[in-house]
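[1] curious how this folds, go ahead:
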Amino acid sequence: MKYFNVLCVTCFVFLLSSVPAFASTFTFGNSEYTIVQSMGISWDEAKLAAENAGGHLVTITSSEENNFLKNTVFQGNDKAYWLGAYQTGDENRQNPTSNWHWVTGEDWNYTDWYSAEPNNSRIDEFHLSADQRFNYQWNDEGSAVSSMINGYVIEKPTAPTPIPGAIWLLGASLIGLFGIKKKFAK
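    Next up is the predicted model:
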């Protein structure tokens, strides 16, 4: 009986340790979103950090996804957060709405710009943010305003989680243990 109790406690600890503990992680569709608080981080630093975490800066490709982020991920947070888009080919700041790209290469078909955005009003406003001042509608931002940025959002694709082989092995071991115990109990 002593070994059975040890085995049960070990199983319980194993199962608890396999569950991720991200209080700021949310799931929508086939993606998992994590908001990371990081005052003053640049877009390039946020992009690298998101990739190092196994994801990418969030790409928002539908109104449903955008509303989910506004109503869930950004809820209760202040300031502005980096998103996963950048602009190329507008160094003269004449075409603020052209040449935007998602970091994943997805098509640029959906936008939620604030009414006066994008405007390229400052030097190098070539990165995308969602800003609390505009009810988390989009704003083109530059590295000069990183002090206004409160963090970034990581998006990771999700897949069905397979049952780890260790759990199968543990289950088979328990069945075997009970079978042996029952055989010798006779």
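[2] helices of this structure, start to end?
    When secondary structure is read from DSSP state H, the chain shows helices at 2-17, 43-52, 63-68, 165-185.
[3] buried sites along the third one?
    The neighbour-count check on helix 63-68 (16 or more other Cβ atoms under 10 Å) flags 65-66, 68 as buried. C-beta here means a position set from N, CA and C on the backbone, and glycine is covered the same way.
[4] as a check, name the ranges of all strands in the chain.
    25-28, 31-37, 56-57, 80-87, 100-102, 127-131, 137-141, 149-157 (DSSP state E).
[5] T97 - nearest residue in space that isn't next to it in sequence?
    Distances taken as Cβ to Cβ, 6 or more residues apart in numbering put P118 closest to T97, at 5.9 Å, once the chain neighbours are dropped.
[6] same question but for I60, I mixed them up
    Nearest to I60 is N66, by Cβ to Cβ, 6+ apart, at 4.9 Å.
[7] so where's the protein shaky on pLDDT?
    Where the chain drops to pLDDT under 70, the residues are 1-23, 122-123, 143-146, 160-172, 174, 177-186.
[8] how about the contacts made by F134?
    114, 117 (Cβ atoms under 8 Å, 6 or more residues apart in numbering).
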